[in-house]
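No sequence on hand, only this structure:
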Ligand SMILES: NC(=O)C1=CN([C@@H]2O[C@H](COP(=O)(O)OP(=O)(O)OC[C@H]3O[C@@H](n4cnc5c(N)ncnc54)[C@H](OP(=O)(O)O)[C@@H]3O)[C@@H](O)[C@H]2O)C=CC1
Ligand SMILES: O=CC(=O)O
């Protein structure tokens, strides 16, 4: 595995670890060329003193905003279903009743929404964040969307005079809780530098990938691979059981070899029990496959495995498994 400094890796994609675990003050920290890796246990409020907004308090938004609050940031929150903000209000968050009001009162506003439709609505729909934005402010969208949607949001945000950064994340509920997300950012470089201390509170590494659309594309490619890996693993678990093997032993064997992945070790044992506690909702994995197929279509790249995988997730959705974890895709392979 390359360290991130390999000469054959284009500089745009190099990850550069920093020596100190302490992030530097907001206005004076050094941003590594295009990407950097940090560890964040000592990240503190006095490193990042301004007011931040957080829109979309779902599975991911809740722990991400929680980590900002625990680091001492002044956080103002909004969610369509207000009650989901309660744990954050208890921790000291301020609540506003629309994205517009959050954006109006904050220097930078983060958004973590379900899909392209909700990301657009919250960014520039009625009472959307754009109404409260203006010069000097920043809008950072963590939602997993396609590049066209991200560019549309970028255009509408920039028309207000504010800056825009797309920043989808790799890493699920537990990495979000642990501040171990990977940020795949693109767009306004000065805004990236300005919000890097916040990203370092919520994540373990960040990549700046250039123009808006590149972060979205990277995220969709990663999740296309992940969706297919999970579908293939599901086939293996069921086949092993049908030929008389113990699928728990398969999980153990896989975990020791070249195809080992944390996802298999973490989710495998509960999949064997037909339990799918939701970390990454199946409906979002299918959305990501659908968007990745659109991306592949746009450049005529054959992706037959992802196409077949997408069909499997659609079957799982038709079984009512949309809000279960994406590992429930295994149910689509069981005889009904
Ligand atoms: N869970 C995971 O492991 C990961 C998820 N992601 C991506 O992050 C994003 C969020 O995921 P996650 O937190 O799991 O999803 P959730 O489904 O838990 O949360 C979705 C959020 O979007 C809001 N929302 C949905 N529709 C609308 C709408 N029409 N208008 C306003 N708000 C809306 C929801 O509000 P309400 O509470 O009212 O429903 C909620 O705050 C997705 O794009 C997902 O693909 C990325 C990495 C990991
Ligand atoms: O998008 C999901 C993830 O685990 O990353």
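That came through, no problem. Note that the structure is a prediction, hence the values are computed from the model and not measured. Numbering: from 1, shown residues only. Ligands and ions are numbered 1, 2, ... in the order given.

Buried residues, the host helix or strand of residue 63. List them.
According to DSSP states H and E, residue 63 maps onto helix 61-70. Of the residues in helix 61-70, 61-69 count as buried by neighbour count, 16 or more other C-beta atoms under 10 Å. Using the backbone N, CA and C atoms, a C-beta is placed for each residue, glycine as well.

Make sure residue 236 is actually in contact with residue 250.
Yes. The pair residue 236 / residue 250 is scored as a contact, 6.4 Å apart, by C-beta atoms under 8 Å.

the domain parsing of the protein - what is it?
46-211, 217-332 (the TED database).

just checking, what's the longest helix in this protein?
helix 214-242 (DSSP state H).

Tell me the spacing between the closest residue to ligand 2 within the stretch 1-150 of the chain and residue 80.
Proximity of the stretch 1-150 of the chain to ligand 2 (C-beta to the nearest ligand atom) peaks at residue 144, 6.2 Å away. Using C-beta to C-beta, to the nearest Å, we find residue 144 at a distance of 18 Å from residue 80.

So for the two, which sits in the more crowded spot?
Between residue 144 and residue 80, counted using other C-beta atoms under 10 Å, the more crowded position is residue 144 (29 against 15).

The nearest residue in space to the more buried one that is not next to it in sequence - how many residues pack around it?
Counting by C-beta to C-beta, 6 or more residues apart in numbering, residue 144 lies nearest to residue 168, which is 4.8 Å off, once chain neighbours are set aside. By other C-beta under 10 Å, 26 other residues sit near residue 168.

picking that back up, now for the helix holding residue 63, which elements pack on it?
strand 51-55, strand 74-78, helix 86-90, helix 173-177, helix 189-202 (3 or more C-beta pairs under 8 Å, 6 or more residues apart in numbering; DSSP states H and E).

need the contact list for the residue of the chain found nearest ligand 1.
Going by C-beta to the nearest ligand atom, ligand 1 is nearest to residue 58 of the chain, at 2.0 Å. Counting by C-beta atoms under 8 Å, 6 or more residues apart in numbering, residue 58 touches 79, 84, 112-114.

any idea how far residue 68 is from residue 284?
Residue 68 is 22 Å from residue 284, by C-beta to C-beta.

ok, now residue 69?
For residue 69 relative to residue 284 (C-beta to C-beta), the value is 25 Å.

for residue 70, same thing?
26 Å.

try residue 224
13 Å.

thinking again about what came up before, and the two most separated of the buried residues of helix 61-70?
Across the buried residues of helix 61-70, the longest distance by C-beta to C-beta is 12.2 Å; it joins 61 and 69.
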